[in-house]
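Enquirer: sequence and computational prediction follow.
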Amino acid sequence: MQQEKVRSSSKKSMSTTRVGPWITLAAIAWLGNDLLAATTILPSAQVTQQSTYTASSELECSIHDDSSHDIDETTRQVIQDQIWRAQRFEVGHKKRFKQCQLTVNDLLTTRQAFNPMLIDIRKPSEFKLRRIPGSVNLPGKKILNQRQWQSRELVLVDKGHSYQRLDQLCLDLTEAGFKRVFVLQGGIRSWQAQGHQLAGSEPYGQKLAAMSPQEFFSERGYAHWMLVMSDIGSPVSTDPHIIKIQPGDDNAVSLLKRKHNQYHDQIDNSPLILVIADDPGQQQYLQNVATEVSPATFFLDGGVEAYHSHLAKQKIVWNHKPGKRRGNKCGR
């Protein structure tokens, strides 16, 4: 009997030893995610007050410190590798849910037939500045409570460069019984770039095309990114998603259009273009070139310098303090 207890205890110990490192690695994968939340300015008469359903991609978790052992050498190497890949502007292989996508042209074509409801899930402060006329502002998690909209065509709208939340919300709504749910490809940025009017107090603000380093860091796991750069003093990968263009190149538009089409065929989706330049003049030039190729064109706010600064802070967050580990209240 005593021997059986010893063997049982030994098995439990070995199981814990094997599982432990995987839990640590899984936790790291979540640390770079930005969890955004928005509040509604939709008139209360149009919103059914029910118990709030929380979508899996919109869990409102706060980062906090958990007492734990310092990270091991394997985990530290994983962190180093992720930072190194991010510095080289490598992107992942994740693909968007094509069944959720709707282009601006498709929206205009089907608008009379289906009378779609455009739901802007951004913060109220952003919605007030610039929005698609006729759209309403409502946080994604509250849409799931609006059962009276299940038979309507719903089009989810954001700035146009972030899709982790939107794609998951589209699937959550479909699984909850909503019949026709889509995500506007390129968001309000594509709407504006194709010559359509925006409403709001500052409908033509330059920041509409801006993507923060934090946002790109969180979204870089998608394969749909095409990065347009001039020569920069930073190591970059030689993957086909990175295009270098010299200011003043007469063939810049035709070159980028050819590369854009090739990359479209490779990933079987329409790429989003992100312009990366530290010099404001180069940035504006590259934006003009890229916008001629695709309306879904954005620029990295602050350029390479701001991005590297964010990576340095991210590395500190991941390593945190000796004897501590970054976690959150959701147990991730």
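Expert: Received the coordinates, thanks.

Enquirer: how about the residue positioned nearest the centre of the chain, what does it touch?
Expert: Nearest to the geometric centre of the chain sits Ser162, at 3.1 Å (CA atoms, centre = their mean). Counting by CB atoms under 8 Å, 6 or more residues apart in numbering, Ser162 touches Glu215, Ser218, Glu219. From N, CA and C alone the C-beta is placed, and that goes for glycine too.

Enquirer: quick one: residues in contact with stretch 301-311.
Expert: Identification of contacts with stretch 301-311 by CB under 8 Å, 6+ apart yields 83, 86-87, 207, 210-214, 216-217, 232-234, 276-279, 283, 300.

Enquirer: likewise for stretch 238-254?
Expert: Residues outside stretch 238-254 that contact it (CB under 8 Å, 6+ apart): 89-91, 223, 225-231, 236, 255-256, 259, 262-263, 266, 271, 281-282, 285-286, 289, 292-293.

Enquirer: distance of Arg96 relative to Asp278?
Expert: Relative to Asp278, Arg96 is positioned 29 Å away (criterion: CB to CB, to the nearest Å).

Enquirer: which of the two has more residues huddled nearby?
Expert: Per other CB atoms under 10 Å, whichever of Arg96 and Asp278 has more neighbours is Arg96, with 21 against 17.

Enquirer: please work out which residues outside the host helix or strand of Ala290 touch it.
Expert: In this assignment (DSSP states H and E), Ala290 forms part of helix 280-293. For helix 280-293, contacts defined as CB under 8 Å, 6+ apart pick out 193, 209, 228-230, 245, 247, 252-253, 256-257, 260, 273, 275, 277, 297, 299, 303.

Enquirer: which among those residues count as buried?
Expert: For the contacts of helix 280-293, a burial check counting by 16 or more other CB atoms under 10 Å picks out 193, 209, 228-230, 245, 252-253, 256, 260, 273, 275, 277, 297, 299, 303.

Enquirer: which stretches of the protein have low pLDDT?
Expert: 1-70, 231-237, 321-332 (pLDDT under 70).

Enquirer: at 50 instead, please
Expert: Along the chain, the model assigns pLDDT under 50 to residues 1-68, 321-332.

Enquirer: all helices in the stretch 101-250 of the chain, in order from the N-terminus.
Expert: Remark: helices assigned in the stretch 101-250 of the chain by DSSP state H, counting those that start in this stretch are 104-114, 124-129, 140-143, 164-175, 187-193, 213-219.

Enquirer: ok so, going back, the contacts of helix 280-293 in strands, which ones?
Expert: Val228, Met229, Ile273, Val275, Thr297, Phe299 (DSSP state E).

Enquirer: wait, doesn't the first one sit right on Leu256?
Expert: Yes. A contact is recorded between Val228 and Leu256 when judged using CB atoms under 8 Å, the distance being 6.7 Å.

Enquirer: the nearest residue to Leu171 once chain neighbours are set aside - how many residues pack around it?
Expert: Nearest residue to Leu171, sequence neighbours excluded (CB to CB, 6 or more residues apart in numbering): Phe97, at 6.5 Å. Phe97 has 14 neighbouring residues, counting by other CB under 10 Å.

Enquirer: tell me the contacts of Phe97?
Expert: By CB under 8 Å, 6+ apart, the residues touching Phe97 are Asp167, Cys170, Leu171.

Enquirer: highest neighbour count among these?
Expert: For these, counting by other CB under 10 Å, the largest number of neighbours falls to Cys170: 24 neighbours.

Enquirer: ok, now which ones touch the residue lying closest to that one once chain neighbours are set aside?
Expert: With sequence-adjacent residues excluded and distances taken as CB to CB, 6+ apart, Cys170 is closest to Cys100, at 3.9 Å. Going by CB under 8 Å, 6+ apart, Cys100 touches Leu166, Asp167, Cys170, Leu171, Val181, Phe182, Val183.

Enquirer: out of those, which is nearest to Arg147?
Expert: Of all the contacts of Cys100, Val181 has the smallest distance to Arg147: 13.7 Å, by CB to CB.
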